[in-house]
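A.B. asks: just a sequence and a predicted model for now, questions to come.
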Amino acid sequence: MFFQKKLKRVLSNHKEAEERFAREREELPLEKNDRLAMILAALAVFIPAILVMMGIFFLVIYLVFLRFL
């Protein structure tokens, strides 16, 4: 491989990075409305994407089955 040394370095530090992230996460607790903010942000991202996918899905159904009625 071209990047064998870099790949080994990244994979060897994987557990150490996870442990460091867990320690930092425990030190920084969520504030009062952080969970609500995360849920609203997720809805703001996923609902438009889901609506677009449903629109494409229904357009394909219309074009395949209902166009000749």
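C.D. replies: Yep, it's here.

A.B. asks: max-length helix in this protein?
C.D. replies: helix 34-61 (DSSP state H).

A.B. asks: next one: it to chain centre, how far?
C.D. replies: Its chain's average C-alpha position is 12 Å from that of helix 34-61, according to C-alpha atoms, centre = their mean, to the nearest Å.

A.B. asks: for stretch 60-69, same thing?
C.D. replies: For stretch 60-69, the separation from the chain centroid amounts to 33 Å (computed by C-alpha atoms, centre = their mean).

A.B. asks: so which bits of that stretch are buried?
C.D. replies: Within stretch 60-69, no residue qualifies as buried by neighbour count (16 or more other C-beta atoms under 10 Å). (C-beta placed from N, C-alpha, C; glycine too.)

A.B. asks: for that stretch, the averaged confidence score.
C.D. replies: In this model, stretch 60-69 carries a mean pLDDT of 86.

A.B. asks: same question for stretch 31-40.
C.D. replies: Mean pLDDT, stretch 31-40: 93.

A.B. asks: buried residues, it. List them.
C.D. replies: When burial is assessed from 16+ other C-beta under 10 Å, stretch 31-40 yields no buried residues.

A.B. asks: ok now that stretch, how far from the chain's centre?
C.D. replies: Mean-position distance between stretch 31-40 and its chain equals 17 Å (C-alpha atoms, centre = their mean).

A.B. asks: still on that earlier bit, helices and strands around the longest helix of the chain, which ones?
C.D. replies: Contact partners of helix 34-61 among helices and strands, from 3 or more C-beta pairs under 8 Å, 6 or more residues apart in numbering; DSSP states H and E: none.

A.B. asks: wait, what's in contact with residue 6?
C.D. replies: Applying C-beta atoms under 8 Å, 6 or more residues apart in numbering to residue 6 gives no contacts.

A.B. asks: model confidence at it, what's the number?
C.D. replies: Residue 6 is assigned a pLDDT of 81 by the prediction.
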